[in-house]
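> The sequence and its predicted three-dimensional model are supplied below.
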Amino acid sequence: MPARTVLITGGSRGIGAAIAALLVARGDQVVTPSRASLDLANPDSIEQFLAGNRELPVDILINNAGINLLNNLAEIPPGDWQSMLQTNLNAALRLTQAYVPGMRTRKWGRILNLSTIFSLVTKERRAAYSITKAALNALTRSTAVEYGPDGVLANALAPGYVDTALTRQNNSPSAIQAIAANIPLRRLARTEELAQVAAFLVSENNTYLTGQTIVVDGGFTCQ
Ligand SMILES: NC(=O)c1ccc[n+]([C@@H]2O[C@H](COP(=O)([O-])OP(=O)(O)OC[C@H]3O[C@@H](n4cnc5c(N)ncnc54)[C@H](OP(=O)(O)O)[C@@H]3O)[C@@H](O)[C@H]2O)c1
């Protein structure tokens, strides 16, 4: 397989770091900008990054970074709503707009958007998360439909509960134990397990799977 140039957001830790490590191991050229050089919550920072990286020949774009600020629906502070929309949705759209033209020219591209099972089902205090991630699934479908004819395949990966800082921040240790007991596989996912699926979706081996939201949740949402 030819080495591909990959841009992945949120590669410093969690799922993004695991995906980056696997793609580096398979020989891809992986760019993982830190928040200091690409702050997705700040549209000016995105434009600055794009101005400095216009020529980056991105073959694979992985919109991984995301945030989940918990609030009851009626009490979502406007600032939280804006941050979630900007980080989880607008940033992914902007990076797609910036790098899809190069993929079309080269007639090959793969885009992966990190979604969540809460884009399909939900839970109390996850309204903003569910809404922004459901919109990300829609962005994925639109990308697949508009650019499929140019060899660009786009998918969303929807993990269930993964053992990361984000999960530990939003669930107490006892809540995590209770969640694990309610997952058919009786444990949270490891980041490496998500990385394996992600690596396939953005590989040469994926030749026909596009526009989908792929759930990887240990069977949790089957119940
Ligand atoms: N963990 C789960 O159980 C789970 C389940 C379903 C879906 N997901 C989704 O999977 C993705 C990764 O989740 P994770 O659990 O691996 O997250 P995480 O451990 O919280 O890491 C988040 C990553 O995103 C980066 N990030 C956050 N805000 C950013 C910003 N404004 N600009 C640039 N980078 C930013 C962080 O950078 P810093 O290091 O600078 O903070 C970090 O690298 C997210 O989209 C999340 O919604 C996670």
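Okay, I see it. Residues are numbered from 1 along each chain as shown.
> Could you find the closest non-adjacent residue to Gln86?
Spatial nearest neighbour of Gln86, excluding adjacent residues (Cβ to Cβ, 6 or more residues apart in numbering): Ala41 at 5.4 Å. Backbone N, C-alpha and C define where each C-beta goes, glycine included.
> should've said Val202
Nearest residue to Val202, sequence neighbours excluded (Cβ to Cβ, 6+ apart): Arg110, at 4.0 Å.
> for the one you found, helix, strand, or coil?
strand (DSSP: H, G, I helix; E, B strand; the rest coil).
> how near is it to the ligand?
Using Cβ to the nearest ligand atom, to the nearest Å, Arg110 is found at 17 Å from the ligand.
> what sits up against the longest strand along the chain?
Longest strand in the chain, counting residues (DSSP state E): strand 152-159. The contact list for strand 152-159 (Cβ atoms under 8 Å, 6 or more residues apart in numbering) reads 15, 100, 103-104, 108-117, 119-120, 133, 136-137, 140-141, 143-144, 147, 189, 194, 197-198, 201, 206, 209-217.
> So which of the residues you listed sit within helices?
Judged by DSSP state H, the subset of the contacts of strand 152-159 located in helices is 15, 100, 103-104, 133, 136-137, 140-141, 143-144, 147, 194, 197-198, 201.
> The ligand next: which of those residues are close?
Restricting these to those near the ligand by Cβ under 6 Å from any ligand atom leaves Ile15.
> Quickly name whichever of the ones in helices among the contacts of strand 152-159 is closest to Cys222.
Val197 (16.9 Å; Cβ to Cβ).
> Quote the end-to-end distance of stretch 216-223.
End-to-end distance for stretch 216-223: 14 Å, by Cα to Cα, to the nearest Å.
> For it, which outside residues touch it?
Under Cβ under 8 Å, 6+ apart, the answer for stretch 216-223 is 117, 120-121, 157-161, 182-189, 193-194, 197, 215.
> Drop anything exposed from the residues you listed.
Neighbour counting with 16 or more other Cβ atoms under 10 Å marks 117, 120, 157-161, 183, 188-189, 193-194, 197, 215 as buried within those.
> can you put the residues you listed in TSV and add pLDDT and distance to Ala92?
As requested, the buried ones among the contacts of stretch 216-223 are exported to TSV (pLDDT from 0 to 100; distance: Cβ to Cβ, whole Å):
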residue	pLDDT	distance to Ala92
Ile117	98	18
Leu120	98	17
Leu157	99	13
Ala158	99	14
Pro159	98	16
Gly160	98	20
Tyr161	96	22
Ile183	98	27
Leu188	98	25
Ala189	98	22
Glu193	98	23
Leu194	98	17
Val197	98	18
Val215	99	19
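> interface residues of this structure facing the ligand?
9-10, 12-16, 35, 38-41, 64-68, 87, 114, 116, 159, 161-162, 164-167.
> ranges for the strands of the protein?
With strands called from DSSP E, the chain shows them at 5-8, 29-31, 60-63, 109-114, 152-159, 213-216.
> would you list those strands in JSON lines and tack on distance to Leu73?
Output for these, formatted as JSON lines (distance: least, Cβ to Cβ, whole Å):
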{"stretch": "strand 5-8", "distance to Leu73": "31"}
{"stretch": "strand 29-31", "distance to Leu73": "37"}
{"stretch": "strand 60-63", "distance to Leu73": "25"}
{"stretch": "strand 109-114", "distance to Leu73": "23"}
{"stretch": "strand 152-159", "distance to Leu73": "21"}
{"stretch": "strand 213-216", "distance to Leu73": "22"}
